[in-house]
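*Asks:* Sequence and predicted structure below; questions after.
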Amino acid sequence: MEKTYSLTAHYDEFQAVKYGGRYSSGTLSNGLTLQLGADGASGRGRGGGRGKDPGAGAGGRWSRREVCLLSGLVFAAGVCVILGSMLTLKYLSLEQEGHCREDCQRKKALLKASRFISANIDATFDPCEDFYSFACGGWLRRHGIPEDKLSYGIITGIGEQNEDKLRRLLLQPVRRRQPESAERKVKEFYRSCMDQAEIDRLGSAPMTRRPDFNELLYRTQGVYSTAVFFSLTVNVDDKNSSRNAIRIDQEGLTLPERTLYLGQDEDSVKILAAYKALMERLLSMLGAHNATQKSREILQLETQLANITASEFDEQRKDISTMYNRITLRQLQRIAPSLHWKRLLDRIFHDNLSENEEIVVLATDYLQKVSDIIKTTSKRVLHNYMLWRIVAALSEHLSTAFRSTIHEFSREIDGTERQLEPGRLCLTQANKHFGMALGALFVQEHFSSQSRAKVQELVEDIKHSLDVRLQELDWMDAETREAARAKLQYMMVMMGYPDFLLKPELIDQEYGFDVNEKTYFKNILNSIKFNIKLSVKKIHEEVDKTVWLLPPQALNAYYLPNKNQMVFPAGILQPTLYDPEFPQSLNYGGIGAIIGHELTHGYDDWGGQYDRLGNLKQWWTEDSFRKFQKRAECIIKLYDNFTVYNLKVNGRLTLGENIADMGGLKLSFYAYQKWVRDHGPERPLPGLKYTHEQLFFIAFAQNWCMKRRSQSIYLQLLTDKHAPEHYRVIGSVSQFDEFGRVFHCPRGSPMHPIDKCSVW
């Protein structure tokens, strides 16, 4: 914080001082009034009584006492004048120094921004040919991928800085030592995770049990929060966003995508073999007999589940309206009779649920088929499969041998060369299980309310940009336009951190379970059980739309369609995505484009199915929705033509993120143009020839400067709903006419094609 220098007291004491060498009367602290002539000298008497004081002694002569008094007053006045002059000069000097300090600080920030931008650029590339390589080529040339990472980018560097801050906070002494203190719990949890000697001493002991089928089904879902055969959650009812509902969906596969079980290409065959080896090894370490046979049987069962599971990019998984099915518990029992639903849910929810209790099912056909699989599969295989799902979920918390085995699998399928070192691994778990407790420490030290307010202004600018854009669209009719604008008006924005983090006693309530620095695995289980308890309680409560899904230190942001809510944690509002000292062109191109991205998610192929209140409702007219779909198809085809290592990007899987990237870039650019109109042009960055409009696009691209291991690209293209970073950039800028204008790209060049795709 800058110091504030107050000169008021000194200046008031010497109000007699005027510029230009002239003086007026002033009152000194002793109450005497000093009369000064126009030339600044005191009234001097010279013979003949000229200038004589009416109160002078007899005979018109000055007494010794009067002379002494007058001399003293003159001396005091002189001292006052000198001191006043000195203080005035000091005041002017400090004022000038303050201006200099502020100006120097500004110049320093501009120089820092300039160096950051120029170091990442590779000017040998033509921005109109390949803007990503132009904006990121310098960074890509200078950086490699750390041995313990799949990928590394500019945004990863921000994450590392955040992690370093968090680890230092965790290592500080505990200040609040009460039994219920969340600060104490998160720091002891971290120490328990770091105590590798104790974890190794226990080995596999924490996971050796053998309950029957129904008991194990309950324990996997209701104790370990692990999906087997299906997922069971409590979440907002999509068609009534004011209430929570039990939701059941397809889930139960250990590998991240169903096609990996089907061995359709060389990469999936390799991954499947590595997965089977991992299963055998872990089961053997847990003392299983015939681990090879059991692994083969479990894999066969998971392959059966894969065959009835729909991929996330299938049409049926893109339309939530067709997936949504609210049924009673009685109807659910008829759909999937192999499972004792009421008995299971009564135990999990600690209640005697009515058979008329309504449940939202998102995969009705899947549940019918999974019930048939359970009916025709031996109890032994079902039992081993459920045990395996628990092992797969929790074995990373066991001894060094288990962690090393899991790493061998990772290295085989994605090329990660080295395990995450214990400090970072334990920080990951502390973030996962004590996110808000750790976040409270983070925002107290590393995030100001001033930054929070400034970014909020930026959000409002971008929301205004969308409002203007909605009124300009020629393909949307008036009825749909008004509904879209209403959704924007009702959209909730949560910035930085939840306010309760400023009150330690409220944070404590988030972690009502025991933590001991000598029992790491038990701490994990206690956390899981407590969170299940919190989730269960929500079933008959009204939806709290102020709840955060991410802690404030998260390097992420999100939009929730069923709450019509955007959230920007403090962890992403950090340099270089956002820096209050950087030019606004960089802030709008950085965090601004991300804000625009999340805002556009409210109007993409998924979020656009929810209305202003967060309810699943068709607010589009048929004509406008048909035009939206036509424009979306253009984007699907655009991204389908992008390839990485001869592998195609899936335009349908990545559609929502691509719409958000393209829309977010436009909205933030238009918002920046408005900022310039309101505040005037920005000072050029020293040493750079680029305009601030060009710098906006460069900052956007540099958000996504990223290197990935070639082995991981296959899984990324198969499972990630974001396109590879290269295409996130060129796919967005090439479809925006303003980019072509700003960089003077010839029409028909790669970054300025004649025919473009556009939704928002």
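*Replies:* Structure received.

*Asks:* Which strand runs longest in this structure?
*Replies:* If you go by DSSP state E, the chain has its longest strand at strand 240-250.

*Asks:* Who are the packing partners of that strand?
*Replies:* strand 230-237, strand 358-361, helix 364-376 (3 or more CB pairs under 8 Å, 6 or more residues apart in numbering; DSSP states H and E). Every residue, glycine included, has its C-beta placed from N, CA and C.

*Asks:* Let me know which of these is the nearest to S712.
*Replies:* Of all the helices and strands packed on strand 240-250, strand 230-237 sits nearest to S712, with 25.6 Å by CB to CB.

*Asks:* Remind me what that closest one packs against, helices and strands.
*Replies:* Contacts defined by 3+ CB pairs under 8 Å, 6+ apart place strand 230-237 against strand 240-250, helix 364-376, helix 520-537.

*Asks:* Of the ones you listed, flag the one that's most buried.
*Replies:* Mean neighbour count (mean count of other CB atoms under 10 Å) peaks for strand 240-250 among those, with a mean of 19.

*Asks:* How about the secondary structure of the spatially most central residue of the chain?
*Replies:* The centroid of the chain falls nearest to N556 when counting by CA atoms, centre = their mean (2.1 Å). With DSSP: H, G, I helix; E, B strand; the rest coil as the basis, N556 sits in coil.

*Asks:* wait, which of the helices and strands packed on strand 230-237 is closest to A205?
*Replies:* Of all the helices and strands packed on strand 230-237, helix 520-537 sits nearest to A205, with 8.9 Å by CB to CB.

*Asks:* ok, and what's touching that closest one?
*Replies:* The contact list for helix 520-537, computed with CB atoms under 8 Å, 6 or more residues apart in numbering, reads 189, 192-193, 195, 198-199, 202, 206, 222-225, 233-234, 348-350, 394, 397-398, 429, 433-434, 511-516.

*Asks:* any idea how far I248 lies from A363?
*Replies:* Note on I248: its distance to A363, by CB to CB, to the nearest Å, is 8 Å.

*Asks:* Mutual contacts of the two, please.
*Replies:* Joint contacts of I248 and A363 (CB under 8 Å, 6+ apart) are F230.

*Asks:* returning to that earlier point: tell me which other helices or strands the following helix or strand past the longest strand of the chain touches.
*Replies:* Downstream of strand 240-250, the next assigned helix or strand under DSSP states H and E is helix 266-285. On a contact count with 3+ CB pairs under 8 Å, 6+ apart, helix 266-285 meets helix 291-308, helix 379-394, helix 400-414.

*Asks:* now for the first one, which elements pack on it?
*Replies:* Using 3+ CB pairs under 8 Å, 6+ apart as the contact definition, the elements that helix 291-308 packs against are helix 266-285, helix 364-376, helix 379-394.

*Asks:* Just give me how far it sits from the chain centre.
*Replies:* 37 Å (CA atoms, centre = their mean, to the nearest Å).

*Asks:* moving C-terminal of it, what's the next helix or strand?
*Replies:* By DSSP H and E, the next helix or strand past helix 291-308 is helix 315-318.

*Asks:* export that following helix as PDB, just CAs?
*Replies:* The C-alpha trace of helix 315-318 is given here as PDB (Å, rounded to 0.1, in the frame of the first residue of the first chain):
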ATOM      1  CA  GLU A 315     -26.600 -36.100 -30.400                       C
ATOM      2  CA  GLN A 316     -28.700 -37.600 -27.600                       C
ATOM      3  CA  ARG A 317     -26.200 -36.300 -25.000                       C
ATOM      4  CA  LYS A 318     -26.200 -32.800 -26.500                       C
END
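
*Asks:* Pull the number of nearby residues for the nearest residue to K165 once chain neighbours are set aside.
*Replies:* The shortest distance from K165 to any non-neighbouring residue, by CB to CB, 6 or more residues apart in numbering, is to H446 (5.5 Å). If you count neighbours by other CB atoms under 10 Å, H446 ends up with 18.

*Asks:* Please verify my assumption that H446 contacts A570.
*Replies:* Yes: using CB atoms under 8 Å, H446 makes contact with A570 at a distance of 7.4 Å.

*Asks:* where along the stretch 601-750 of the chain do the strands fall?
*Replies:* Ranges of strands within the stretch 601-750 of the chain are 643-644, 647-648, 706-708, based on DSSP state E, counting those that start in this stretch.

*Asks:* among those, which is nearest E633?
*Replies:* The nearest among the strands of the stretch 601-750 of the chain, by CB to CB, is strand 647-648 at 16.6 Å.

*Asks:* Packing partners of that closest one?
*Replies:* Using 3+ CB pairs under 8 Å, 6+ apart, strand 647-648 is in contact with helix 710-719.

*Asks:* for the helix it packs on, packing partners?
*Replies:* With contacts defined as 3+ CB pairs under 8 Å, 6+ apart, helix 710-719 has these neighbours: helix 400-414, strand 647-648.

*Asks:* try 6 Å this time
*Replies:* Contact partners of helix 710-719 among helices and strands, from 3 or more CB pairs under 6 Å, 6 or more residues apart in numbering; DSSP states H and E: none.

*Asks:* list the buried ones in that helix?
*Replies:* Neighbour counts over helix 710-719 (16 or more other CB atoms under 10 Å) mark Q711, S712, I713, Y714, L715, Q716, L717, L718, T719 as buried.

*Asks:* roughly how far apart are P583 and S668?
*Replies:* From P583 to S668 the distance is 14 Å (CB to CB).

*Asks:* now swap in V459 and tell me
*Replies:* Distance, V459 to S668, by CB to CB: 11 Å.

*Asks:* Between the two, which is the more surrounded one?
*Replies:* S668 (29 against 21).

*Asks:* Looks like that one contacts G596 (just checking).
*Replies:* Yes: taking CB atoms under 6 Å as the definition, S668 is a contact partner of G596 at 4.3 Å.

*Asks:* Which of the helices and strands packed on strand 230-237 sits closest to I390?
*Replies:* Closest to I390 of those, according to CB to CB: helix 520-537, at 10.9 Å.

*Asks:* Extract the C-alpha set from the closest one and format it as PDB.
*Replies:* This file holds the C-alpha atoms of helix 520-537, laid out as PDB (Å, rounded to 0.1, in the frame of the first residue of the first chain):
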ATOM      1  CA  TYR A 520      -4.100 -39.300   6.000                       C
ATOM      2  CA  PHE A 521      -6.300 -42.000   4.500                       C
ATOM      3  CA  LYS A 522      -8.800 -41.600   7.200                       C
ATOM      4  CA  ASN A 523      -8.800 -37.900   6.700                       C
ATOM      5  CA  ILE A 524      -9.700 -38.500   3.100                       C
ATOM      6  CA  LEU A 525     -12.600 -40.800   4.000                       C
ATOM      7  CA  ASN A 526     -13.900 -38.400   6.700                       C
ATOM      8  CA  SER A 527     -14.000 -35.600   4.100                       C
ATOM      9  CA  ILE A 528     -15.800 -37.800   1.600                       C
ATOM     10  CA  LYS A 529     -18.400 -38.900   4.200                       C
ATOM     11  CA  PHE A 530     -19.000 -35.300   5.400                       C
ATOM     12  CA  ASN A 531     -19.500 -34.100   1.800                       C
ATOM     13  CA  ILE A 532     -22.000 -36.800   1.100                       C
ATOM     14  CA  LYS A 533     -23.800 -35.800   4.300                       C
ATOM     15  CA  LEU A 534     -24.000 -32.200   3.100                       C
ATOM     16  CA  SER A 535     -25.200 -33.300  -0.300                       C
ATOM     17  CA  VAL A 536     -27.900 -35.500   1.200                       C
ATOM     18  CA  LYS A 537     -29.200 -32.700   3.300                       C
END
